[in-house]
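[1] Okay, here's the prediction I keep looking at, along with the sequence it came from:
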Amino acid sequence: MTTATFDTLGYFGKLKAAGFTEEQARVQAEVLRDTLEKYDDSSRRELATRGDLRETELRLLTEIEKNKYALLKWQIGLALAIIAIMAKGFGWLGF
């Protein structure tokens, strides 16, 4: 993972060249550096790791397997119901 780097000394120099006092430029550079570090830390916490993705994948595969068998059970039940209705309608069972 790459992280953003901030050139505080370069920023400080540009502020001084633009007319900021040394104290103002130093405070501005520190505040901006701290803000960027906080943003970088918070965005890192939100990223998914390979382990997170693998865990999610395994959970989804488990759910898919459960749903596959539930669907198969309904399909077999529906097929048996249709066969029973056809058997009754065509008189195959003799009742």
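    It's in. Numbers count the residues shown, from 1 in each chain.
[2] Contacts only, for residue 92.
    By Cβ atoms under 8 Å, 6 or more residues apart in numbering, residue 92 lies in contact with residue 86. For every residue, glycine as well, the C-beta is placed using N, CA and C.
[3] Which parts of this protein are strands?
    Ranges of strands in the chain, per DSSP state E: none exist.
[4] could you say what helices and strands the helix-or-strand element of it with minimal mean pLDDT packs with?
    Least confident helix or strand of the chain, by mean pLDDT, DSSP states H and E, is helix 22-45 with a mean of 84. If you count contacts as 3 or more Cβ pairs under 8 Å, 6 or more residues apart in numbering; DSSP states H and E, helix 22-45 packs onto helix 8-17.
[5] Kindly calculate the angle that the helix it packs on makes with helix 22-45.
    140 degrees (axes from the mean of the first three to the mean of the last three Cα atoms, to 10 degrees).
[6] low pLDDT regions in the chain?
    For the chain, residues meeting the criterion pLDDT under 70 lie at 1-4, 41-42, 94-95.
[7] Go ahead and flag the most central residue of the chain.
    Central residue of the chain (Cα atoms, centre = their mean): residue 48, 6.6 Å from the mean position.
[8] ok, and the closest non-adjacent residue to that one?
    Residue nearest to residue 48 in three dimensions, not counting chain neighbours: residue 56, with 8.0 Å by Cβ to Cβ, 6 or more residues apart in numbering.
[9] What is the neighbour count of that neighbour?
    Residues lying near residue 56 (other Cβ atoms under 10 Å) number 11.
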